[in-house]
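Visitor: what's the 3D shape of this:
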Amino acid sequence: MDHFAIITAFGPDRPGIVALMADSLHQLGCNIEDTCMTRLRGEFTMMLMVRLPEGIVAEDLGRRLTPFTTPLDLAILCRAMPDQAASRQTPLEIPTFMLSVYGADHPGIVAQVARTVAQHQGNITDMNTRVIGSGDRPIYVMVMEVQLQEAQQADQLRQALEQLKPLLGVDLTFRLLESVTF
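Guide: This is a model prediction of the structure:
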């Protein structure tokens, strides 16, 4: 039976981090299956789901990666993934929407938008945010992928999001993605 781990690694951004992690995991016999990586200003962060080889358990993986990651000052967190969470599943035909928010940066944008999505039983499956613009005129940009169990929930969510626009002082776009297949 296959066993899986999820790894979070982060540290100062510099060339070679992805190569180092990939090579280190390969040397330990792990197979990288799914990843999400990005730079957050001066920090680089990654999440990896790996299939573990016989003889390595998730609890030991972080310790075994430390000699490889110490030179790049990477912090590593590892945990076992439940078999059900790690299993590949056939893609369901769940309506998926793209929600984008753009406006003057201020506290509470993510909290209020995420709360509204949750109140309408939306599942945020991916989210990216950035503060752009100059220091005296910061602009907040947020892009979310949202899944809804029923397509008809979209109209109620769209109306609730429209009511947030003047409260948050943002522009907001909510649209159906034609198809999402991985």
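
Visitor: contact partners for Thr8?
Guide: Applying CB atoms under 8 Å, 6 or more residues apart in numbering, we find Thr8 in contact with 45-47, 76-78. C-beta here means a position set from N, CA and C on the backbone, and glycine is covered the same way.

Visitor: now the buried members of these.
Guide: Neighbour-count burial (16 or more other CB atoms under 10 Å) applied to the contacts of Thr8 gives 45-46, 76, 78.

Visitor: quick check, nearest of the residues you listed to Met144?
Guide: For these, the closest approach to Met144 (CB to CB) belongs to Thr45, at 18.3 Å.

Visitor: which phi and psi does the nearest residue to the closest one once chain neighbours are set aside have?
Guide: Sequence neighbours aside, Phe10 is the residue nearest to Thr45 in space, at 4.0 Å (criterion: CB to CB, 6 or more residues apart in numbering). With angles defined as degrees, to the nearest 10, Phe10 sits at phi -150, psi 150.

Visitor: and stretch 112-124, which residues are buried?
Guide: 112-114, 116-117, 120, 122.

Visitor: next, format these as a markdown table and append distance to Leu164, pLDDT and secondary structure.
Guide: Converted to a markdown table, the buried residues of stretch 112-124 look like this (distance: CB to CB, whole Å; pLDDT from 0 to 100; DSSP: H, G, I helix; E, B strand; the rest coil):
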| residue | distance to Leu164 | pLDDT | secondary structure |
| --- | --- | --- | --- |
| Gln112 | 6 | 97 | helix |
| Val113 | 7 | 97 | helix |
| Ala114 | 11 | 97 | helix |
| Thr116 | 6 | 97 | helix |
| Val117 | 10 | 97 | helix |
| His120 | 12 | 95 | coil |
| Gly122 | 13 | 95 | coil |
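
Visitor: spatially central residue in the chain, please.
Guide: The residue lying closest to the centre of the chain (CA atoms, centre = their mean) is Asp126, at 5.2 Å.

Visitor: how about that one, secondary structure?
Guide: strand (DSSP: H, G, I helix; E, B strand; the rest coil).

Visitor: okay, now the unreliable bits of this protein?
Guide: Along the chain, the model assigns pLDDT under 70 to residues 1, 83-92, 179-182.

Visitor: domains in this protein, by residue range?
Guide: Listed by automatic domain parsing, the domain ranges of the chain are 3-86, 96-176.

Visitor: could I get the full set of strands for this structure?
Guide: Listed in chain order, the strands found in the chain under DSSP state E are 3-12, 31-40, 43-52, 75-81, 96-104, 123-132, 139-147, 170-176.

Visitor: and those: which comes nearest Leu164?
Guide: Among the strands of the chain, strand 170-176 sits nearest to Leu164 (CB to CB), with 6.8 Å.
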